[in-house]
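Colleague: A predicted structure for the sequence below; I have some questions about it.
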Amino acid sequence: MPSHVATWAYDDAISPNHCNGGAGASRTLVRHWLTYAETNCGPSATKAARDCHARRTTYCTVIQYFDAGKIWETNPIMKAPTREHWWLHQPGYGDKSHRLTESAPGAGTAYWLNQSVTSAQSWVHHYIASHYNAWGGLMMDDTGACKQTQFYGSSYTSSSEIGSDAGVLAEHADLAQVLTHRNQKPFLQVDNGIQPNPNVCTALPLLDRHTGVIGLVAEGDPWSNGFSAYYSDLLDDVAAIDAMRQDFIVLLSYDQDGSDQARLVQEATDMLGYKPGHVVSWADLEQDNLHLAVWPEEGIYPTDPVQSMAQPRGPGCLGGTGAVCSSGGHNDLQVAGGSNANDPAAGVYRREFGECYDRSVAFGPCAAIVNDTSGSVVVQGSWLKHSYGHEITLKGGDVQSGGRIDLTGAGFAPGTTVVPADDAILLDR
């Protein structure tokens, strides 16, 4: 039995003030807890490679961050022998002064790369294969599946070169298919582009096993220093990917200091949608330090699900028209309705499992309940098939600092136990 659910974290910091995460995390700790180890500090950041690889054994997949969509001044592409046709331009223009741009304090100016240009593809492929050939995959940032998302921030909804949603998908596919190792084997690619929002185009069409794109990152979901909007739509995205053969979704949450509320919402959401190989937990919940951002509750491995989400369906479902999926997805786990200004389909969601494990040790049935409403709710016995007597509580912090869970940390009683607004609980027999 696996000792944890699929996890993702930064592992590129060799000192407390260096890079993004993993500072002080031992090789043994990384190998025990991480499934995907990301690095985002250039070719010299080799901690993840040393931690995940040992001779012919791969303990975790090393992922390199790379942005080949919106190119900021620190991007290595800016040092390439670029030509003007490498860039996307305002409709009707093709000169430097009319490139699509975005500016940000401290970051300078960004330009949109035309990923369909063969010479640009060739340079990106050569750079990645030369510097990261030993890495397992790439996290491709700023990747949208339609004009609405791809050109966001530029003040334009199209460019001279790309005037349709199909064109956006085509340029991503053009680049993705050339991103291979030196032996021509495709890199595993994970696009940072899925945005749970029924008013925004879905990123699901980006997934294409033939080009190596088999993962999507839901950045800021389900938690971004607070409960994220459109939670029901997030569950629908998870359910849609659960129904696919080999694709996965990465739930990337942010918090400042690893609050219990953030951790419980992240873990409960992992459990609501969990299907081995399809849901990955990236709980980046302690921005105040550079520890390995993995938590003891991720050692809860649920099996034998009592309830599961079917593929979401309904008129306009996941179509970017504002329509809420009327069957499958979140509907299959919702046990009560409610209101939430940030979610038109807000409610209370629960999922139970017949057998659960804590770091490979069985402890019986368990359950997760998430309250996506603006008010507290009392847990009803009718919501649950199994009997539970305890809430699982959190003791201490991350696994690097010795944190743990307490399977009998608090009592639980249907009809009495309350789940606060925008919060979650985990149940144990």
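Modeller: Perfect, thanks for sending it. Numbers count the residues shown, from 1 in each chain.
Colleague: According to the record, where do the domains of this protein fall?
Modeller: In the domain annotation for the chain, the residue ranges read 8-298, 329-428 (automatic domain parsing).
Colleague: quick one, which of the ones you listed is nearest to A310?
Modeller: A310 sits nearest to domain 329-428 of all the domains of the chain, at 5.8 Å, using C-beta to C-beta. In this view, the C-beta of every residue, glycine as well, is placed from N, C-alpha and C.
Colleague: what distance separates that closest one from the centre of its chain?
Modeller: 21 Å (C-alpha atoms, centre = their mean, to the nearest Å).
Colleague: Give me the distance between the two termini of it.
Modeller: Terminal residues of domain 329-428 lie 24 Å apart, using C-alpha to C-alpha, to the nearest Å.
Colleague: per-residue confidence averaged over that domain?
Modeller: Domain 329-428 shows a mean pLDDT of 97.
Colleague: Just grab the bridge partners of the spatially most central residue of the chain for me.
Modeller: Centroid-nearest residue in the chain: V250, 2.7 Å away (criterion: C-alpha atoms, centre = their mean). Bridge pairing for V250 (DSSP bridges) gives the partners V217, V280.
Colleague: where's it relative to V361, distance?
Modeller: Noted for V250: a distance of 27 Å to V361, by C-beta to C-beta, to the nearest Å.
Colleague: now E286
Modeller: For E286 relative to V361 (C-beta to C-beta), the value is 26 Å.
Colleague: So for these two, which residue has more residues nearby?
Modeller: E286 (24 against 12; other C-beta atoms under 10 Å).
Colleague: Need the pLDDT of that one.
Modeller: 95.
Colleague: my guess is it contacts Q256, does it?
Modeller: Yes. The pair E286 and Q256 passes the contact test of C-beta atoms under 8 Å, sitting 7.4 Å apart.
Colleague: Could you export the domains of the chain as a markdown table, including distance to R313?
Modeller: As requested, those are exported to a markdown table (distance: least, C-beta to C-beta, whole Å):
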| stretch | distance to R313 |
| --- | --- |
| domain 8-298 | 10 |
| domain 329-428 | 8 |
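Colleague: out of these, which comes closest to L318?
Modeller: Taking the domains of the chain one by one with C-beta to C-beta, domain 8-298 is closest: 4.5 Å.
Colleague: Give me the distance between G314 and I63.
Modeller: In terms of C-beta to C-beta, G314 sits 34 Å off from I63.
Colleague: Same drill for the two, tell me which one is more crowded.
Modeller: Between G314 and I63, counting by other C-beta under 10 Å, I63 is the more crowded of the two (28 against 16).
Colleague: and the host helix or strand of that one, what other elements does it pack with?
Modeller: Using DSSP states H and E, I63 falls within strand 61-66. Contact partners of strand 61-66 among helices and strands, from 3 or more C-beta pairs under 8 Å, 6 or more residues apart in numbering; DSSP states H and E: strand 36-39, helix 47-52, helix 118-132, strand 137-140, strand 188-192.
Colleague: Perfect, I'm done here.
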